[in-house]
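Colleague: next input, structure requested:
(one chain, ligands or ions: 2)
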Amino acid sequence: MSEQRVFVITGAAGSGKTTVRNYLTKEFNMPKVITHTTRAPRIHEEDGVDYYFESEDSFGDNHYLESVSYAGNRYGSSFEGLDEAWKSSDFITIVLDTAGAITYKRELGDKAVVIFLKVDDSSTLLQRMKTRGDDTQTLADRIKSDEYLRDLTLPEELKGNAFVINNNDWERTKHIVNDIVAKYK
Ligand SMILES: Nc1nc2c(ncn2[C@@H]2O[C@H](COP(=O)(O)OP(=O)(O)O)[C@@H](O)[C@H]2O)c(=O)[nH]1
Ligand SMILES: Nc1ncnc2c1ncn2[C@@H]1O[C@H](COP(=O)(O)OP(=O)(O)O)[C@@H](O)[C@H]1O
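Modeller: Ligands and ions are numbered 1, 2, ... in the order given. The predicted structure is shown next:
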């Protein structure tokens, strides 16, 4: 039996975190930890599938390992969510901003395998988010946020503690992700 691990996918908005998370779920049967947010659902997003969508009031009802504000909305991951996912598999995956990834590394140590995604040119991020169908005004506000700008760069605390993938080419990214997972099997 493998040791319990949580593959934490972090990086800038549009860098491909959700895409990598979905790949880990499909290719390696890793359950995804669903987190809570006060942001409005995007087209095609479903409550309980993409996030637990919360009101400002209901957000406070959960028991969080960590929670953050990101571009004016709140996000948090619960202990219950992690334990629930670990019940069905030793390897699970979660998408977090870099502040959350730092907390996971600090709290969970080797149990947290952090993957930081970036692209060569930040205009690519914007283009990908537009293609994804993000609302134009929301997008304009988001790319001015401190959190968006912060997450373009690998934080000091994660240097030497995270795998860094340049996600310019999806085929290459998949190979690197496969190699990372293989290290923990
Ligand atoms: N720390 C933390 N970050 C989260 C959590 N859930 C989502 N995030 C991050 O919040 C940021 C904004 O997420 P979202 O609004 O879905 O936009 P996206 O980055 O374009 O997918 C992303 O960096 C997510 O990884 C959480 O529970 N904790
Ligand atoms: N390597 C890649 N090349 C081109 N498009 C990509 C690549 N990786 C992800 N995408 C696309 O970019 C958009 C943003 O990816 P997503 O996974 O939603 O990012 P994030 O969760 O980090 O905000 C999606 O439409 C996705 O299909």
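
Colleague: every contact and neighbour count from this point should use C-alpha atoms.
Modeller: Fine.

Colleague: give the contact list for W86.
Modeller: 4, 92 (Cα atoms under 8 Å, 6 or more residues apart in numbering).

Colleague: gap between it and ligand 1?
Modeller: 16 Å (Cα to the nearest ligand atom, to the nearest Å).

Colleague: and S122, by the same measure?
Modeller: 13 Å.

Colleague: check contacts around R74.
Modeller: Contact analysis of R74 by Cα under 8 Å, 6+ apart lists 37-39, 67-68.

Colleague: show me where this protein dips below the pLDDT cut-off.
Modeller: Within the chain, the segments meeting pLDDT under 70 span 1.

Colleague: how about the residues of it near ligand 2?
Modeller: By Cα under 6 Å from any ligand atom, the residues of the chain that approach ligand 2 are 12-19, 128-129, 131-132, 167-170.

Colleague: can you sort out which of those also neighbour ligand 1?
Modeller: By Cα under 6 Å from any ligand atom, the members of the residues of the chain next to ligand 2 lying near ligand 1 are 13-14.

Colleague: mind giving me the ChimeraX command for buried ones among the residues of the chain next to ligand 2?
Modeller: To isolate the buried ones among the residues of the chain next to ligand 2 in ChimeraX, judged by 16 or more other Cα atoms under 10 Å, type:
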select :12,13,14,15,16,17,18,128,129,167,168
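
Colleague: between the residues of the chain next to ligand 2, which is closest to T138?
Modeller: Nearest to T138 among the residues of the chain next to ligand 2: M129, at 10.7 Å, using Cα to Cα.

Colleague: for the closest one, which non-adjacent residue is closest in space?
Modeller: Excluding the flanking residues, the one nearest M129 by Cα to Cα, 6 or more residues apart in numbering is G14, at 5.5 Å.

Colleague: and the gap between that neighbour and Q137?
Modeller: For G14, the distance to Q137 (Cα to Cα, to the nearest Å) stands at 16 Å.

Colleague: ok, back up a step: possible to save the contacts of R74 as JSON lines with distance to F116 and neighbour count?
Modeller: Shown next, in JSON lines, are these (distance: Cα to Cα, whole Å; neighbours: other Cα atoms under 10 Å):
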{"residue": "T37", "distance to F116": "21", "neighbour count": "24"}
{"residue": "T38", "distance to F116": "24", "neighbour count": "20"}
{"residue": "R39", "distance to F116": "23", "neighbour count": "18"}
{"residue": "S67", "distance to F116": "19", "neighbour count": "19"}
{"residue": "V68", "distance to F116": "18", "neighbour count": "16"}
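
Colleague: narrow those residues to those in strands?
Modeller: Here DSSP state E is the test, and the contacts of R74 give 37, 67-68 as lying in strands.

Colleague: include distance to ligand 1 when you put those into TSV, please.
Modeller: Output for these, formatted as TSV (distance: Cα to the nearest ligand atom, whole Å):
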residue	distance to ligand 1
T37	7
S67	5
V68	5
